[in-house]
Every structure is written in C-alpha cells, then in structure tokens.
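>>> A predicted structure for the sequence below; I have some questions about it.
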Amino acid sequence: MCGIAGIIGEVRSPEVTLAIGAMHNALAHRGPDGEGIFRADHAVLLHRRLAIIDLSKKADEPMTDPSGRYTIVFNGEVYNFREIRSSIPDYDFQTQNDAEVALASFMKWGAECLHRFQGMFAFAIWDEANQVLFACRDRIGIKPLYTFQNDRLFAFASEIRPLLKSGLVSRNIEIPALNQFLAWQTVFAPNTIIRDVKTLLPGHWLKISNGKMEIHRWWDPGKFFDSGKHQGEKPVKAVRTLLQNAVRKRMFSDVPVGAFLSGGMDSSAVVALMAQQSNQPIDTFSVVFKEKEYDESKWSTLISGKYKTRHHPLFLTPDSLPALIPGILESMDHPTGDGINSWVISELAHREGIKVALSGLGGDELFGGYPVFRQLPGIVSNRAYWSLPKAIRNWIPALWNGRRREKLEALSKIRSRDLRSVYPVFRMVFGPSHRAALLNRFADPFPGFPDVISTLDPASPNRYWSLISAMEILTYTQHVLLRDADQMSMSHALEVRVPFFDHELVEYLLGLPDEWKMGNSQKSLLAAAMKNELPEELLNRTKAGFVFPWNQWLRNELRPFAESRINSLAKRELLHSQEVMQTWNRFISGDSRILWVHVWLLVVLEDWMQKNLGEG
C-alpha cells in the first residue's frame, strides 16, 4: 500500500520541476517507509512506500525491469502474486514483492494481466521505448487514481491534494459538482468536486500516447447477473468457502495484521475466519460510546472473548471528539459526509503498531443488509401508486412532513418505475427543492446518478437484489465508503483490506437468484454460512449501523466548530446565504426535516474549501 503520482509530457520545465516536489511531499503520509523518483525525458514517476510485503530496500519503487524499458509505481496488493510469479519463469525477479510481479505480468500479457490479479490496486507503468503510459484501477475501485490533463501534460496521483498542490490545476468548483455533492454526499466518477480533476473509473485502464488518452473498461459487475449458472449448487457452502478464502488471501503480510471489530455480523465473521486461520491471537479494534443506543461493545467483547483476540477498545466521548475533528478533516482528500469512523478506528490501530487491518465493509451491500433491498421491489411493484395520474403523485408529498415528504417529492420526479430510477431516491441526502434553494437556481433532481448506473441492464424480478447490490457498488460504495476508507486509513499509513469485496465472492453473489439471498432475517445467507462460527444471539440481533451520535454532538460539544463553518459558508457566493443559515437554524431548533447529515455536509464542505480553495 503506497502513494503514487506522475507527470507525462513536457516535464523539463521549471513549472513541472516545482510540481514534482510539491506532489511528492503531499503523498508523504501514505508511505513513511520509502520514497523514490523516476525521471525520463518525457515522464516522471513518484512513489511513497508503505512496506507490507518484502520489507527490503530492493522492493522500493519506482521499479524498473532488467531491460530498462518498463517502470512501475504500484499502490495496493495482488494477493495471488506468488501463483502468478510461478507462471513467469523467464523473468529475472529481484524481489519477493507483488509490484514486481505486476510489472512482469504486464510485460508478458499486457492489459490482459489484470484479469489474473486478485486484489486491490492502482498502478501506472511507463514504457520508455514507445513513450506510452498505462494506468489502471482494480475491479471494485478499492484503490483510487485521480488525473489531470491539459495540452502539454498528463498528471496522476493517489489523491486529489497532490494535484492541487502541484500548481498545475485550477481550483474551481462548478455548480453541477456542488449539486451532486449535496445530493449524494459525493461527486461521481469520472468527475470530482474540482472541475479539472478526474477519477479513473473502477475496473478501467487508460493509455496515454502522444498526448492522446484511450480508456477501456475491463470489469463490469453487470455481466454477472446470471440466470442459471449456479443452479444445483449449495450457496451456503459456496459462500462459506469463498469468504474463508477471501480472508485467508488477505492475511498474507510481512507485518502484523489486525481487524476492525464493530460487533456487527460482517466484522465478526471476518474476525472469526481470521482466528481460525491464524496461529497467533488477532489484534482487534473497536470504538465504544457512553451513549448506549450507539454502543456495540457488548457484541465486540463477545466475539473478542470467543476468539481470544487482543482487543483494543477506544472509548470516544463527546468531550474528546472536538480535539479530533481538525485532524479528521485535515485527512479529507475529497469532502464527504462519512468517514469519521474510519479515521478514528485507523488512528487506534496505527497507535498500536498495526500496518494492515481487515474490515467487514461490503457485507451489507452484498448480502442485503440495508432496508432498501426489501423496500425497493415493493415500491416498484406498487401498481396502485404508479397507476395514479402524475399530477396526483406530484400532490401527494404535500400530505406529509419531514423526510418522507422529501423522498416522495423526489419519487414524483422520476421518469419510469424501474428499479434503476427508483433507487437514487433512497440514496439522496438533500432533496431537489432544498438543493434548488441552496444553489439559488434550478437543480437537476438526480445529478450524475443515471450516468453511473447506465450500463446496468434492468434485472428480472428474481434478480432485483443483484441489481441493487450492483448499484450500491457503483455508487455509494465506490464513491463514498471505499474512497473514505482509503483516505482516512492512509492518513495513518494503515492498509485496510476488505474480504467481502473479493471479486470472486462478488461475482458469485451477483449471480445468485434473490430467493437464495432473501430469507426471513437480515443477511440470512451470510448468517447461514457463518452459523457455526458466530453466536446465535449475534446472528439474530437487530441490525445496528456503526454510527456516531451526531445529533447530540452537533447541538452541543461540536456546535461552536460547526457554527463557525456554517457562518463562513454563508459568506460564499457558491450557495444562497439565507438558505444556509436557515438550514442550520432549523436543525438547532429541532426541525425533523433537517437531519444531522444535512448540517454536517455543509460544515465539511466549508472546511474542505478553506483548506484547499482558501477563504471565501
């Protein structure tokens, strides 16, 4: 796990020389164990190393093959690199490192090598002979890659900040990106909140040759909605085996490996499978609250005791949080309404000397842990609602108050009743009318969302859950959860591995009919697969998300900090000042239509702009 960056094109100018130094420094937190710069006439590659596999200096990067033609900068892990290495006997390997295997694989198979890789990665390879850059991202998008291009050069980096600090990029935010951020607490790839900075989409690769870019999609989750591939199989046994293998692969490391343990089914399953495959106690980490409705310590303690882990709880109090907030927000590469929990738990793991941690992220998205999996099919099939004239559907929201009114308002604006059109309503933060008031202009009701899921075919009714899983992966998961996990963990030089997003497990689950995944309880297929490892009372408990008590904290201990950011945001021309202040005041007064996430998005946005764009 590392930080990578590079510039291709006119790299000899004083402007680019300054940019290289600034970009390299901006990546330092991602790789405290090594650094390197590769320079050629038309390319510069930068690397900051977090040493996980093969800790020797021979494995430092940038890494060039023995012929001198190809040079790689690599971020992530290829878990099956040893098997791949054995199939390339003619390469003169100098390390026991997966980055060198990725380089040798590209030399042997070209872009097709990606289909052999099991893991999470973003890497770039410079071909000096042909003056071509190849760059790619893993299937799910666990590792990021941001880009910038003008008529003289192409630049890339693991984070947005190195590109901003390069001095090459104009720091401009446009209304469409701001509208997306308010709607979904993110900006969907290939765009970012900065106009000229783009994101290479997950499961894609690109080539830069003679200043021209070619982009190709090499993995598509929509291709696995299979109608008969798994007939006759025993899905419980298959899931158990796939998940066990996914955990096993992610435990390989030359440094200690720990695990996040919230106490939910997903993280508990990961810890249980780790403990079964380890000859030493596992280090586990959890956050503990004094607010009982949020505290999961009963369950994390139960699992820790059952598997005799070295458990490290962090007691987070309202009094301690204000001191953490500046560091947390400093770690935000892209503004987000999520990610605080990832920062806190990563800081705890780092403090205890852990460099790799496994996470239960992904279980809800793949096994139907969210209410939306059961709600959406019912809404789509509600003939009584959809048979009403559109004028009446437009009028219905006025009968309700609070969030239900906002959701019904958004629902009335969709163009069709298929699952892909209804789903965005349930991922929306600020509704269309609220965004229009904040932006002081018309706001696209569903900005960017149709584009992200446009390649997914409408699923048959017995594949609704697979379609929802795929939409979760392509939207909230890739552009919020995984991005936040990367930026928050890497701010502490911690590598987070996510077994539930093993591509073999993902592909298998997307191919299963709904009836094999639904059941009568939350994540019934996962519960059945793990019934021998997890206590019955945990498997049958009511799902509780890993969330902080923001309602209380923002109205009390965090109020001075939040209020100062709201006041600053109201002075900017980007948003309507009166509506910004009204949103804040309605939240403070207890208006049920204004949730903590509405306020927190505005606070985070202003804080990020102050750090990256300057004062308003």
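Arrived safely. In this text the structure is predicted, and so the values were computed from the model without any measurement.
>>> what's the nearest residue to residue 151 if we skip its chain neighbours?
Closest residue to residue 151 apart from its sequence neighbours, by C-beta to C-beta, 6 or more residues apart in numbering: residue 211 at 7.4 Å. In this view, the C-beta of every residue, glycine as well, is placed from N, C-alpha and C.
>>> Isn't the one you found up against residue 9?
Yes. The criterion here is C-beta atoms under 8 Å, and residue 211 meets it with residue 9 at 6.7 Å.
>>> between these two, what contacts are shared?
Counting by C-beta atoms under 8 Å, 6 or more residues apart in numbering, the contacts common to residue 211 and residue 9 are residue 154.
>>> Between the two, which is the more surrounded one?
residue 9 (20 against 14; other C-beta atoms under 10 Å).
>>> Could you list everything the more buried one pairs with in the sheet?
Counting by DSSP bridges, residue 9 forms beta bridges with residue 153.
>>> residues touching it, list them.
For residue 9, the contacting residues are 42, 152, 153, 154, 211, by C-beta under 8 Å, 6+ apart.
>>> Show the model's pLDDT score for the first one.
The predicted local confidence for residue 42 comes out at a pLDDT of 97.
>>> returning to what we had before: look up how far residue 110 lies from the residue nearest to residue 151.
Distance, residue 211 to residue 110, using C-beta to C-beta, to the nearest Å: 21 Å.
>>> before we move on, what about residue 137?
Residue 137 sits 17 Å away from residue 110, going by C-beta to C-beta.
>>> Of these two, give the one with the bigger neighbour count.
residue 137 (29 against 10).
>>> Look up which residues are beta-bridged to the more buried one.
Assigned bridge partners for residue 137, using DSSP bridges, are residue 122.
>>> Go ahead and confirm it touches residue 202.
Yes. The pair residue 137 / residue 202 is scored as a contact, 5.2 Å apart, by C-beta under 8 Å.
>>> Show me the protein divided up by domain.
As assigned by automatic domain parsing, the chain contains the domains 2-218, 223-367+467-539, 373-462, 550-612.
>>> and those, which one's lowest on average pLDDT?
Lowest mean pLDDT of the domains of the chain: domain 373-462, a mean of 85.
>>> how far out from the middle of the chain is that one?
24 Å (C-alpha atoms, centre = their mean, to the nearest Å).
>>> Any idea how far apart the tips of it sit?
The straight-line separation of the ends of domain 373-462 (C-alpha to C-alpha, to the nearest Å) is 12 Å.
>>> try stretch 493-511
Stretch 493-511 has an end-to-end distance of 36 Å (C-alpha to C-alpha).
>>> check contacts around residue 366.
469, 500, 505, 506, 509.
>>> Equivalent analysis for residue 455, please.
220, 222.
>>> Next: residue 155.
Counted by C-beta under 8 Å, 6+ apart, residue 155 has contacts 5, 6, 7, 8, 19, 23, 147, 148, 149, 163, 166, 168.
>>> who's in contact with the closest residue in space to the fourth one that isn't next to it in sequence?
Computed as C-beta to C-beta, 6+ apart, the closest residue to residue 8 that is not its neighbour in sequence is residue 154, at 4.6 Å. With contacts taken as C-beta under 8 Å, 6+ apart, residue 154 has the following neighbours: 7, 8, 9, 133, 147, 148, 208, 211, 213.
>>> now with 7 Å?
By C-beta atoms under 7 Å, 6 or more residues apart in numbering, the contact set of residue 154 is 8, 9, 147, 208.
>>> What is the nearest of the residues you listed to residue 376?
residue 147 (34.0 Å; C-beta to C-beta).
>>> quick one: that closest one is in a strand?
Yes. Under DSSP: H, G, I helix; E, B strand; the rest coil, residue 147 sits within a strand.
>>> and residue 240, how many residues sit next to it?
21.
>>> and the nearest residue to residue 172 once chain neighbours are set aside, what helix or strand is that in?
Spatial nearest neighbour of residue 172, chain neighbours left out: residue 195 (4.5 Å); criterion: C-beta to C-beta, 6+ apart. In this assignment (DSSP states H and E), residue 195 forms part of neither any helix nor any strand.
>>> For burial, what's the neighbour tally of residue 195?
15.
>>> Can you tell me how far it is from residue 475?
Residue 195 is 21 Å from residue 475, where distance means C-beta to C-beta.
>>> ok, which stretches of the stretch 151-300 of the chain are helices?
Taking DSSP state H, counting those that start in this stretch as the test, the helices found in the stretch 151-300 of the chain are 160-165, 175-184, 235-250, 265-276, 297-306.
>>> Could you save the ones you listed as a markdown table and add columns showing distance to residue 458?
A markdown table is the format used below for these (distance: least, C-beta to C-beta, whole Å):
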| stretch | distance to residue 458 |
| --- | --- |
| helix 160-165 | 34 |
| helix 175-184 | 21 |
| helix 235-250 | 24 |
| helix 265-276 | 29 |
| helix 297-306 | 38 |
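>>> quick one: which of the ones you listed is nearest residue 561?
Closest among the helices of the stretch 151-300 of the chain, using C-beta to C-beta: helix 175-184, at 20.1 Å.
>>> tell me what the closest one is packed against?
Where contact means 3 or more C-beta pairs under 7 Å, 6 or more residues apart in numbering; DSSP states H and E, helix 175-184 is packed against helix 432-439.
>>> for the contacts of residue 155, which one is nearest residue 335?
For the contacts of residue 155, the nearest to residue 335 is residue 163 (15.5 Å; C-beta to C-beta).
>>> Does residue 580 touch residue 602 like I think?
Yes. Counting by C-beta atoms under 7 Å, residue 602 is a contact partner of residue 580 at 6.4 Å.
>>> anything in contact with each of these two?
566, 569.
>>> How about the secondary structure of the residue nearest the centre of the chain?
A centroid search over the chain (C-alpha atoms, centre = their mean) returns residue 482, at 1.3 Å, as the residue closest to the centre. Classification of residue 482 using three-state DSSP returns helix.
>>> who touches it in this structure?
Going by C-beta under 7 Å, 6+ apart, residue 482 touches 141, 142.
>>> can you check residue 125 too?
70, 71, 72, 103, 106, 134.
>>> please redo it, this time with the cut-off set to 10 Å
Counting by C-beta atoms under 10 Å, 6 or more residues apart in numbering, residue 125 touches 45, 62-63, 65, 70-74, 102-103, 106-107, 132-136.
>>> Could you check how far the helix or strand hosting it is from the centre of its chain?
Using DSSP H and E, residue 125 sits in strand 119-127. In this view, strand 119-127 has its centroid 18 Å away from the chain centroid, taken as C-alpha atoms, centre = their mean.
>>> Stretch 346-356 now?
Centroid separation for stretch 346-356 versus its chain: 20 Å, with C-alpha atoms, centre = their mean.
>>> if I look at the residue nearest to residue 214 when sequence neighbours are not counted, how far off is residue 298?
Excluding the flanking residues, the one nearest residue 214 by C-beta to C-beta, 6+ apart is residue 207, at 4.6 Å. Note on residue 207: its distance to residue 298, by C-beta to C-beta, is 53 Å.
>>> In terms of neighbours, single out the busier of those two.
A count of neighbours by other C-beta under 10 Å puts residue 207 above the other of residue 207 and residue 298, at 16 against 12.
>>> Many thanks, have a good one.
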